[in-house]
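Trainee: coordinates only, no sequence provided:
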């Protein structure tokens, strides 16, 4: 379509400034809503991913392949031998920051007459402090100091359940991999506040040395958790580690954090559904508003269209004229929407608005909207496509008018 | 012969009612004629002009324009014929409000896909021909009724059509402005040899034409030569005999 038709389309829009401004503002709002929602969702996913990775202690986990698909109880006895040898293999990759053992066990925590079920982790304090949220989650007391001591840290919910606090002595009871009952009296060094409530209610940490003694599993681990540098490619690191383990003749499986992040995946699906629904509602509103504008334009300009057709204008050019008006509204509204989005994002991020805890969480955050260039591109494409779609039927109707009837239109 | 009409009919149906738009019209128009369709409201003037302008399709009869049997044209072919060989002047000026006078005239060439510079130059030339060279940049709402209709005439002639069809071109004008418009038709007719076929029921306007086709109830009932013409009125088998007048 030649430039002169675009010029005519632009002038027609300017002729009805108020109506154009109204429809354009709907496009702007639609665009801003798209980019803001995408930015907020992206920030939420990023935070949730960070929390999940730090909760796991790293992005990769080396586990006993026999433990895969087993229940926690069954998997508890399927430990990896020589965790230090596995950690050495992992550290051959320069993208690996550290590799640490974790022993997973469960049982009852008892203080006086109160007891509660726990999900326990035995860990190396110095490595844990570097890799996970645990050190940042200390609500009272202090993080492990002595790696050999029989020290314990409790989630806030668990501590409340048994009435324990820093300085108290708690009996940690469990079943060893060979089926025996064992217990250790451990000193509570800290009460933690974990962001996911269900975890916070059962969380218990022992030092690796203490847990290994409790489980009679010295040198063994339920998993060796590998922490990667920021920006390292997850799949490349995982496949590299698998190859090195295979070369070393170690029978072990490597899992990424996404393989064991069911909660993250559920939230991601939920947010994606919300985002899609919001997008559909927005698109519908924009389609209706734009279709109304274009239908009004066709109705008001029926005689003008009749004239164009009468003097021999190709019907396709008439259709393109109205589609061009829709496209200009879509592109113009998107450009304004882009500018408005950047301004609004800057204002919201500067305001540092507090947010309630995420689903299942106990700690709130601060509203931050990420800048997602792809969302701006999608917003641009979505709004322009929506306006073109909304203009299609009115444009088609205009192009199919009978010039005789159109010229007689009052 | 520029226009050859034989047995042309257009019948409308509304429910079970049959309304005659035009029935059995037969006449010819030679190149360069200045002819008027005369008749009261509802006599079929607009219907006939719509058929001659390929805006409407006849139910029966033959219409040959500039040597082309229009029955063989599809919708796109008819549109192409209109933009390349016909000019239109409507009762109301029907200008595009967001375009200047020059652009409104150039529009008739834009739709032919001609280069911008050529469209503009020819539009200015056409505006000069209708005496509006100094109004080229003004939009329709800044022009008087007579000026708007002159712009519409410029748009009709800018493509140098063989035939300009005008439906009651003076109906929305006062008598003085209408008289000037007829002067313009006559002038363009004389200078360019363009054939004009326009409808009117105003006796003062009809008297200016060189040939008169009178319609009544959808039929051509009289075909009369009234004044100077570039050629003789063609014999019109469907029309009642007329005579030279005025």
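Mentor: Received the coordinates, thanks. Quantities reported herein were computed from a predicted structural model and do not represent experimental measurements.
Trainee: all helices for chain B, in order.
Mentor: Secondary structure of chain B (DSSP state H): helices located at B:45-52, B:75-85, B:101-110, B:116-129, B:145-157, B:175-192, B:203-206.
Trainee: for those helices, could you give me a markdown table that also reports mean neighbour count and mean pLDDT?
Mentor: Using the backbone N, CA and C atoms, a C-beta is placed for each residue, glycine as well. Formatted as a markdown table, the helices of chain B follow (neighbours: other CB atoms under 10 Å in any protein chain shown; pLDDT from 0 to 100):
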| stretch | mean neighbour count | mean pLDDT |
| --- | --- | --- |
| helix B:45-52 | 24 | 93 |
| helix B:75-85 | 18 | 93 |
| helix B:101-110 | 25 | 95 |
| helix B:116-129 | 18 | 92 |
| helix B:145-157 | 25 | 90 |
| helix B:175-192 | 17 | 79 |
| helix B:203-206 | 16 | 78 |
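Trainee: quick one, which of the ones you listed gets closest to chain A.
Mentor: Closest approach to chain A among these is made by helix B:75-85 (2.4 Å; CB to the nearest CB).
Trainee: centre of the chain to stretch B:63-70, how far?
Mentor: Relative to its chain's centre, stretch B:63-70 lies at 16 Å (CA atoms, centre = their mean, to the nearest Å).
Trainee: near chain A, which residues of chain B?
Mentor: B:50, B:53, B:55-56, B:75-76, B:79-84, B:86, B:88, B:90, B:92, B:94-99, B:107-108, B:110-111, B:113, B:116, B:155 (CB under 8 Å from any CB of the partner chain).
Trainee: residue A:75: what's it in contact with?
Mentor: For residue A:75, the contact set (CB atoms under 8 Å, 6 or more residues apart in numbering or on different chains) comprises A:64, A:67, A:104, A:222.
Trainee: any chance of those in TSV, plus secondary structure and neighbour count?
Mentor: Converted to TSV, the contacts of residue A:75 look like this (DSSP: H, G, I helix; E, B strand; the rest coil; neighbours: other CB atoms under 10 Å in any protein chain shown):
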residue	secondary structure	neighbour count
A:64	coil	20
A:67	helix	20
A:104	strand	18
A:222	coil	28
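Trainee: which residue does the stretch 251-400 of chain A have closest to chain B?
Mentor: With CB to the nearest CB as the measure, residue A:312 is the residue of the stretch 251-400 of chain A nearest to chain B, at 2.4 Å.
Trainee: for residue A:401, give me phi and psi.
Mentor: When read as degrees, to the nearest 10, the backbone of residue A:401 gives phi -60, psi 150.
Trainee: was I right about it contacting residue A:302?
Mentor: Yes. Between residue A:401 and residue A:302 a contact is recorded at 6.7 Å, counting by CB atoms under 8 Å.
Trainee: find the closest residue to chain B in the stretch 1-150 of chain A.
Mentor: For the stretch 1-150 of chain A, CB to the nearest CB, closest residue to chain B: residue A:11, 3.8 Å.
Trainee: now do the SS call for that residue.
Mentor: Secondary structure of residue A:11, reduced to three states by DSSP: H, G, I helix; E, B strand; the rest coil: helix.
Trainee: ok, now which ones touch it?
Mentor: B:98, B:99.
Trainee: surely residue A:197 touches residue A:157?
Mentor: Yes. With contact defined as CB under 8 Å, residue A:197 counts as touching residue A:157 (6.9 Å).
Trainee: so the two - more neighbours on which side?
Mentor: Shown here are residue A:197 and residue A:157; by other CB atoms under 10 Å in any protein chain shown, residue A:157 has more neighbours (20 against 15).
Trainee: would you agree that one falls within a helix?
Mentor: Yes. With three-state DSSP as the criterion, residue A:157 is part of a helix.
Trainee: and the helix or strand hosting residue A:7, which residues are buried?
Mentor: Here residue A:7, judged by DSSP states H and E, is contained in helix A:3-15. Within helix A:3-15, the residues that qualify as buried are A:4, A:5, A:6, A:8, A:9, A:10, A:11, A:12, A:13, counting by 16 or more other CB atoms under 10 Å in any protein chain shown.
Trainee: so the third one is in contact with residue A:328, correct?
Mentor: The one in question is residue A:6. Yes. Between residue A:6 and residue A:328 there is a contact under CB under 8 Å: 7.4 Å.
Trainee: domains of chain A?
Mentor: Using automatic domain parsing, the domain parsing of chain A gives A:3-52+A:264-407, A:65-251.
Trainee: pLDDT at the closest residue to residue B:3 other than its chain neighbours, what is it?
Mentor: Spatial nearest neighbour of residue B:3, chain neighbours left out: residue B:29 (3.8 Å); criterion: CB to CB, 6 or more residues apart in numbering or on different chains. Predicted confidence (pLDDT) for residue B:29: 90.
Trainee: next SSE after the helix or strand containing residue A:119?
Mentor: Assessed by DSSP H and E, residue A:119 sits inside strand A:114-123. Scanning forward in sequence from strand A:114-123 by DSSP H and E, the next helix or strand is helix A:125-131.
Trainee: any idea of the mean pLDDT in that following helix?
Mentor: Average pLDDT, helix A:125-131: 87.
Trainee: with stretch A:71-85 instead?
Mentor: Across stretch A:71-85, pLDDT averages out at 84.
Trainee: starting at the chain centroid, how far to it?
Mentor: Using CA atoms, centre = their mean, the mean C-alpha position of stretch A:71-85 is found 30 Å from that of the whole chain.
Trainee: just stretch B:93-109 next, same as before
Mentor: Distance, centroid of stretch B:93-109 to centroid of chain: 18 Å (CA atoms, centre = their mean).
Trainee: can you measure across that stretch, start residue to end residue?
Mentor: 18 Å (CA to CA, to the nearest Å).
Trainee: what is the burial count for residue A:107?
Mentor: That count, for residue A:107 with other CB under 10 Å as the rule, works out to 21.
Trainee: OK, contacts around residue 213?
Mentor: Because you didn't say which chain, this covers chain A. Residues in contact with residue A:213 (CB under 8 Å, 6+ apart) are residue A:184.
Trainee: my bad, chain B
Mentor: So residue B:213 contacts B:27, B:35, B:36, B:37, B:38, B:220, B:222, B:223, B:236, B:239 (CB under 8 Å, 6+ apart).
Trainee: please redo it, this time with the cut-off set to 6 Å
Mentor: By CB atoms under 6 Å, 6 or more residues apart in numbering or on different chains, the contact set of residue B:213 is B:37, B:220, B:223.
Trainee: low-confidence bits of the stretch 101-250 of chain A, can you list those?
Mentor: Applying pLDDT under 70 to the stretch 101-250 of chain A flags no residue at all.
Trainee: hmm, 90 instead?
Mentor: Applying pLDDT under 90 to the stretch 101-250 of chain A flags the ranges A:128-137, A:175-180, A:193-199, A:230-232.
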